[in-house]
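Student: Can you look at this prediction? I've put the sequence above it.
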Amino acid sequence: MSRARFALLLAVVPAALAAQTSDTTSSPWPPLKVVDIRWMDTTVSACTDFNQFANGGWLAHDTIPAAYASSGVTRDMSDRNELVVRSVLEDAAAHRNALPPRGTPRKLGTYYATCMDSTAIETGGATPIRRWLRGLDSVTTRARLLPEIAKLQILGVNVVFRYSPDVDPHDAARYLTWLYQGGLGLPDRDYYFTPGAAADSTRDAYVAHVAKYFRLAGRDSAGAGRAATQVLALETSLAQASLTRVERRDPAKTDHPMSAAQLAKLTPGIAWPRYFRSLGVRVPITKANVAEPAFVQRVDSLLHAAPLATWRAYLTYHAIATAAPWLSTPFVQEDFAFRSRFSGARALLPRWKRCLQEADGDIGEALGQAYVAKTFPPEARARARAVIDDIRAAFRERLLHLTWMSDSTRAQALDKLARMGEKIGYPDRWRDYSRLRVAEGPFVLNVSQANAFEWERTANRPGSPVDTTEWGITVPTVNAYYDPSKNEMVFPAGALVPQTFDPNADDGANYGSLGGSWAGHELTHGFDDEGRHYDAKGNLRDWWQPSDSMHFVEQAALVEQQFDSYIQIDTFHVNGKLTEGENIADWGGLLTGYDALQRALTRDGRPGLIEGYTPEQRYFIGYAQSWRVHNRPERLRTRVTVDPHAPEQWRVNGPLSNIAAFAQAFGCKDGDPMVRPKDKIPSIW
Ligand SMILES: [Zn+2]
């Protein structure tokens, strides 16, 4: 994935900007532009701090709304997309009784209406999940643990580990059973061990949060406090056996294919066939990839050694935590109070936004079809494809002329590029929701039914051919991704609108944003520190000559050092290793997008200055404005640990200060802050 997974965000535009626009009568917001010169701060030199130059005018005026952890591009675009989705949902909800009972529109309407029915939700309190909780209270033998874990996992509760039929890394045409680590309530394993007062306070807050849920569910204070301590103890043990995020970026560290017999030998105490049966898996599981073997071994020992009371507390807490956002106000507020420690948000999102985002996450393809019909004309798809075609051609040229790459590696890289798939806009085939069950409430059970539907759709995939038409994100999403195991880039319609892209904007702007920041970025993920380990078909295979690998690793280490030197917030530095792949992709995307722009200018003709800037200058401004983001400090602190993307100011200034064409476009000189010394500039793309 490329873009930070931002919370979806609400637009606030300085009044001065709003007043300058002409169409504010029909829309609450001024139209977004790919390059908007009103956001710039030209009192700062482009050669001193380009992020400030491109975005400083906006940053100076922006106030992050209370319900958000950040503001900027993604939030502004999501706001507009959400208005479209909202109209679809409200329409379906209002007329649902007149719609065919088994049809998808009726299900959408019922889903949204039951989520919006706050009266029924308040009256219900914790009643909708009482049956789950009673079931967990009755787990009095160890033999019952695995079936209960499986039952919760089907309903979408993240406990212990995760069964997931994913692409086989050694036969990318087929699905294989994967077992992944999981089951933690804090945002990352590191939170369980980080020393210091701030980390201690987070752990204390977590224990208090868990205890609060138990009290809300009817436990007495002493029992709730005891259960919360047990939850932290069990999770700390799971966290100790978990790989770090940096370790998990290395495909070799999570590549442990084994037969059923080897799996049984690794974890003699886990009755895998019984567990798989409890998950509703009917196909024989003859092999699996255990992403983190030490983790499942830890689970095996905990299943036998940890007290049953501790297990009951752990499973109960996660069941409540999963349901809490969809129960009555005390649960919702406790959920928000805890999460906002990590996001910095000061207020809950309005209910309609929470419901809309849940519907998008749970049954998003049902929404996507209606979204496309309303907002994504075929011309926009064709124009976006033309930009992406130029990106592919430009990267091919780069590969052909790389001096450090051997011909043998080059031939395979060219093959990988030629076979790289792309999905633009929306799926060719929409998901069939005929087996989804949606009832007139309680809403939380509709959420668990949607999870169960998704489970049933995928649980029996091991051994069967990979569905190459499937999408990993929904159509209205403001995001994109590269999937190494399918060797494909995916750009949903929700991302192919202003500010990312405007079919009517100039090439400089579009190639900087959609070209460099999105398409070029995603494409080079196929060749970054992670993606380069996969071949043209998506198989995990080392196709690099050793000398080429060595060059890449050495140069990537320079990128790591560059970003390690940047301050993220307070005394925290950016984690250069965690963000290495994204930083290489940003830089490679910029170089490729620049070449693609030159192709377009040669082909289509060079315009004169637009709003006072050359096409090349608008290219770099377009890139920088695609990272127009303003973060709360809490969010920046959390991102140090969990986010493989560096803060946006460094996603702008970091790669640009390595690029000679940037210095040339703005007349920057050696010694300027935006021009790094030549001997420190890595050579990859
Ligand atoms: Zn990326």
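Tutor: That came through fine. Numbers count the residues shown, from 1 in each chain.

Student: How about the closest residue to the ion within the stretch 251-400 of the chain: what's its closest non-neighbour residue?
Tutor: Among all residues of the stretch 251-400 of the chain, residue 391 sits closest to the ion, at 14.3 Å; criterion: CB to the ion. Bear in mind the C-beta positions are built from the backbone N, C-alpha and C, glycine included. Closest residue to residue 391 apart from its sequence neighbours, by CB to CB, 6 or more residues apart in numbering: residue 519 at 4.4 Å.

Student: That neighbour against residue 491, yeah?
Tutor: Yes - the criterion here is CB atoms under 8 Å, and residue 519 meets it with residue 491 at 7.2 Å.

Student: Now do the shared contacts for the two.
Tutor: Contact with both residue 519 and residue 491 is made by residues residue 388, according to CB atoms under 8 Å, 6 or more residues apart in numbering.

Student: Between those two, point out the one with more neighbours.
Tutor: residue 519 (33 against 25; other CB atoms under 10 Å).

Student: where does the protein have low pLDDT?
Tutor: In the predicted model, the chain carries pLDDT under 70 at residues 1-29.

Student: hey, which strand is longest across it?
Tutor: Taking DSSP state E as the criterion, the chain has its longest strand at strand 171-181.

Student: now for whatever helix or strand residue 562 lives in, which elements pack on it?
Tutor: Element membership for residue 562 (DSSP states H and E) is helix 546-564. Applying 3 or more CB pairs under 8 Å, 6 or more residues apart in numbering; DSSP states H and E, we find helix 546-564 packed against helix 580-604, helix 648-656.

Student: In JSON lines: these, plus mean neighbour count.
Tutor: Formatted as JSON lines, the helices and strands packed on helix 546-564 follow (neighbours: other CB atoms under 10 Å):
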{"stretch": "helix 580-604", "mean neighbour count": "23"}
{"stretch": "helix 648-656", "mean neighbour count": "24"}
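
Student: Number of residues surrounding the closest residue to residue 177 other than its chain neighbours?
Tutor: Excluding its sequence neighbours, the residue lying closest to residue 177 (CB to CB, 6+ apart) is residue 288, at 4.1 Å. Counted with other CB under 10 Å, the neighbours of residue 288 add up to 24.

Student: Which parts of the stretch 51-200 of the chain are helices?
Tutor: Using DSSP state H, counting those that start in this stretch, the helices of the stretch 51-200 of the chain run over 73-94, 104-116, 118-124, 130-137, 145-154, 197-216.

Student: of all these, which lies closest to the ion?
Tutor: The ion sits nearest to helix 73-94 of all the helices of the stretch 51-200 of the chain, at 13.6 Å, using CB to the ion.

Student: Figure out how far that closest one is from the centre of its chain.
Tutor: Relative to the mean C-alpha coordinate of its chain, helix 73-94 is positioned 20 Å out (CA atoms, centre = their mean, to the nearest Å).

Student: Check stretch 89-99 too.
Tutor: The answer for stretch 89-99 is 31 Å, by CA atoms, centre = their mean.

Student: In which helix or strand does residue 280 reside?
Tutor: Counting by DSSP H and E, residue 280 is held by no secondary-structure element, helix or strand.

Student: That one - nearest residue in space that isn't next to it in sequence?
Tutor: residue 459 (5.5 Å).

Student: Return the residues of the stretch 551-685 of the chain in contact with the ion.
Tutor: 582, 585 (CB under 5 Å from the ion).

Student: The residue of the stretch 251-400 of the chain closest to the ion: how many residues sit nearby?
Tutor: 30.

Student: in terms of contact, does it touch residue 521 like I think?
Tutor: No - with contact defined as CB under 8 Å, residue 391 does not reach residue 521; the gap is 9.5 Å.

Student: Then residue 423 would be within a helix, right?
Tutor: No - going by DSSP: H, G, I helix; E, B strand; the rest coil, the assignment for residue 423 is strand, not a helix.

Student: if I pick the residue in the stretch 201-350 of the chain that the ion sits nearest to, what's in contact with it?
Tutor: Closest approach between the stretch 201-350 of the chain and the ion, counting by CB to the ion: residue 249, at 12.0 Å. Residues in contact with residue 249, defined by CB under 8 Å, 6+ apart, are 529, 530, 578, 580, 581, 644.
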